[in-house]
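>>> Sequence and predicted structure, then a few things I'm wondering about:
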Amino acid sequence: MKTVFIKPADVERKWFVIDAGGKPLGRVAAKAAAILRGKEKVIFTPHQEIGDYVVVVNADKVAVTGDKARQKLYHHHTGYPGGLKTRTFAKLVEKHPTSPLELAIKGMLPKGPLGRKLLKNAKLYAGAGHPHQAQNPQTVEM
């Protein structure tokens, strides 16, 4: 038996569109991360970038259950002493509409150079339109 290694340049990449309007944040992020990683392909290899491209529309209309819009907190540090900044989900969506979904997808990808490279294949848009119609994307049903 021989192990077959696929070169990332030889992999056929497809484009997928996910409509996040009214869908739970975690489910949309999990589906997008699986497509970005290439886990749905037969030739999946954990250390290679063989995943597809994902376009998420209506990212600002993603749903959170219960009282998470008010209680879920997002932290970041400015780099200065005492520089921990905290925002709620509602305020983060108000200021950066696609940020909660981007952070959720980022958390589901591997850490390190591979994860940062995979995250670049995700295109998130707050509205219903996107400029990637020329790639002939397939719609993902959730």
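Nice, thanks for sending it over.

>>> Give me the local confidence score for the spatially most central residue of the chain.
Nearest to the geometric centre of the chain sits Ile105, at 3.6 Å (CA atoms, centre = their mean). Looking at Ile105, its pLDDT is 98.

>>> Can you pull the phi/psi pair for the closest residue to it other than its chain neighbours?
Excluding its sequence neighbours, the residue lying closest to Ile105 (CB to CB, 6 or more residues apart in numbering) is Ala29, at 4.8 Å. All C-beta atoms are positioned from the backbone trio N, CA, C, and that covers glycine. Dihedral angles phi and psi of Ala29 (degrees, to the nearest 10) take the values phi -60, psi -40.

>>> One more: Val64?
According to degrees, to the nearest 10, Val64 has phi -130, psi 140.

>>> ok, it touching Pro24?
Yes: using CB atoms under 8 Å, Val64 is in contact with Pro24, at 7.3 Å.

>>> Looking at those two, which is more packed in?
Val64 (17 against 14; other CB atoms under 10 Å).

>>> Quick one: residues contacting the more buried one.
Residues counted as contacts of Val64 (CB atoms under 8 Å, 6 or more residues apart in numbering) are 24-25, 72, 89.

>>> Which of the residues you listed sits closest to Lys120?
Nearest to Lys120, judged by CB to CB, of those is Leu25 at 20.9 Å.

>>> Not counting residues beside it along the chain, what's closest to that closest one?
Val62 (4.9 Å).

>>> First-to-last residue distance for stretch 133-142?
Length of stretch 133-142, first residue to last, CA to CA, to the nearest Å: 20 Å.

>>> chain center to it, what's the gap?
Its chain's C-alpha centre and that of stretch 133-142 lie 15 Å apart, by CA atoms, centre = their mean, to the nearest Å.

>>> do you know how far the residue nearest to the centre of the chain is from Lys68?
17 Å (CB to CB, to the nearest Å).

>>> Please tell me how far the residue nearest to Leu25 sits from Met142.
11 Å.
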